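Provided below are the primary sequence and the corresponding predicted coordinates.
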Amino acid sequence: MPLGRPHSKDYPEKYKNSFELYQLTQPPVPAGSPMADQVAAYLEWAIIQQQDGFEKGEIINIGALAEGSVDIMQFGAVLQGDYRMLDDKLILGLELGFASGDNSPGMGVRPFAEKQFSYAHGDTNINNFRFNLDYHVDMILWREIVGTVTDAFYLKPSVRYDVAEGFGAKLSAVYSSAIYSDSTRGKSHPLGLEFNLDIFYFSDDNFHAGIAYGLLIPFNGMDDLGDDMARGGIGEANQDDGGNIAHRILGRLVLYF
Ligand SMILES: [Ca+2]
Ligand SMILES: [Ca+2]
Ligand SMILES: [Ca+2]
C-alpha cells in the first residue's frame with residue numbers, strides 16, 4: 001500500500017460517529033474559544049471514553065480534526081467559433097473549454113463528497129472551477145459520468161449539415177483531458193474521446209423531434225487502479241481495470257406552445 005493522501009474523503013470516517021456523539025452528549029464549547037481548545041476537549045473525552053479510533057495503539061490524525069479557513073481561486077473559459085458554407089447549410093464548428101483544477105484527489109464536482117482541501121495535508125485552497133450543470137458539452141463523459149466540466153480542458157470540433165429546411169444532422173467529437181492527474185481515478189491526464197451524432201427535425205408548426213447517439217472511448221484517466229490506487233500491483237484487489245466503451249441514445253419529441 002503506497003503512502004500518500006487518502007482518496008476523496010480526507011476527514012477520517014472513523015472519527016465521525018464519536019464526534020457526533022461528543023457533540024450530542026457534551027456541553028457546547030463557549031463561542032469564540034480557540035480551535036485548539038475545542039479539539040483538545042474532544043480528544044480528551046474520546047480517549048477517556050475509548051471511542052473507535054482512540055483506543056490504545058491507534059494513530060490519531062489531529063490535523064484531520066481541526067478546521068480553519070480556505071482560499072478559493074478558480075477560473076473557466078469557453079471559446080466557440082463557427083464557419084458557415086453553402087448558404088449556411090454546412091457549419092464547421094470548433095469549441096475549446098477550460099476549467100481550472102485542484103490537485104486534491106477527486107474531480108471535486110460534489111464538494112461535500114470530494115473535498116478539495118485538507119488541513120491534515122496542508123492544503124488550504126479550492127481551485128477547481130465547476131461549469132454550470134446546464135452547460136452540456138457532451139452526452140456521456142462530463143454530463144453523466146463526471147457530472148459537469150471541472151479540472152479539465154477539452155477540444156470539440158463539429159460539423160453540421162442541413163439536408164433540407166429544418167432537417168439535418170450534427171456530428172461532434174470531444175477530446176477531454178484533466179488538468180491534474182491526481183484528480184482522476186487512473187492518475188493520468190487523458191480522460192477520453194467522445195463522439196456525438198444528433199439528427200434533428202424542426203417543423204414550422206412548433207414540432208421538434210430528434211435522436212442523438214453518443215459513444216465514449218475512455219482513456220487512462222478513467223482506469224480503476226484497484227485498492228493500491230497505483231498502476232500495476234500484486235493480488236486481485238490491486239489489479240488495474242480499464243474503462244469500457246460507453247454508448248448512449250437519447251430521443252426527444254417536443255411541442256412548443
Ligand atoms: Ca486544494
Ligand atoms: Ca482534484
Ligand atoms: Ca493497481
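Structure received. Ligands and ions are numbered 1, 2, ... in the order given.

Ignoring the adjacent residues along the chain, who's closest to residue 124?
residue 70 (5.1 Å; Cβ to Cβ, 6 or more residues apart in numbering). Any C-beta I mention is one placed from the backbone N, CA and C, and that applies to glycine too.

what pLDDT does that neighbour get?
At residue 70, the predicted lDDT confidence score is 83.

was I right about it contacting residue 125?
Yes - with contacts defined as Cβ atoms under 8 Å, residue 70 counts as touching residue 125 at a distance of 6.1 Å.

contacting residues around the residue nearest to residue 124?
117, 124, 125, 126 (Cβ atoms under 8 Å, 6 or more residues apart in numbering).

Next, it: phi, psi?
The phi/psi pair for residue 70 (degrees, to the nearest 10) reads phi -130, psi 150.

Distance-wise, check it relative to ligand 1.
8 Å (Cβ to the ion, to the nearest Å).

Tell me how far that residue lies from residue 237.
34 Å (Cβ to Cβ, to the nearest Å).

give the contact list for the residue in the stretch 101-250 of the chain that ligand 2 sits nearest to.
Scanning the stretch 101-250 of the chain for proximity to ligand 2 using Cβ to the ion identifies residue 183 as nearest, at 3.4 Å. Listed by Cβ under 8 Å, 6+ apart, the contact partners of residue 183 are 101, 102, 103, 104, 105, 106, 107, 108, 128, 151.

Between the residues you listed, which sits nearest residue 53?
The nearest member of these to residue 53, counting by Cβ to Cβ, is residue 105 at 21.0 Å.

before we move on, the earlier item: buried ones among the contacts of residue 70?
117, 126 (16 or more other Cβ atoms under 10 Å).

and the two most separated of the contacts of residue 70?
124 and 126 (8.9 Å).

can you list the residues of this protein near ligand 3?
Residues of the chain found near ligand 3 (Cβ under 5 Å from the ion) are 225, 226, 228, 233, 238, 240.

Dump those residues into JSON lines; add pLDDT, neighbour count and distance to ligand 2 as well.
Compiled in JSON lines, these are given as follows (pLDDT from 0 to 100; neighbours: other Cβ atoms under 10 Å; distance: Cβ to the ion, whole Å):
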{"residue": "225", "pLDDT": "93", "neighbour count": "21", "distance to ligand 2": "16"}
{"residue": "226", "pLDDT": "91", "neighbour count": "17", "distance to ligand 2": "20"}
{"residue": "228", "pLDDT": "88", "neighbour count": "16", "distance to ligand 2": "19"}
{"residue": "233", "pLDDT": "88", "neighbour count": "17", "distance to ligand 2": "22"}
{"residue": "238", "pLDDT": "91", "neighbour count": "16", "distance to ligand 2": "23"}
{"residue": "240", "pLDDT": "92", "neighbour count": "15", "distance to ligand 2": "20"}
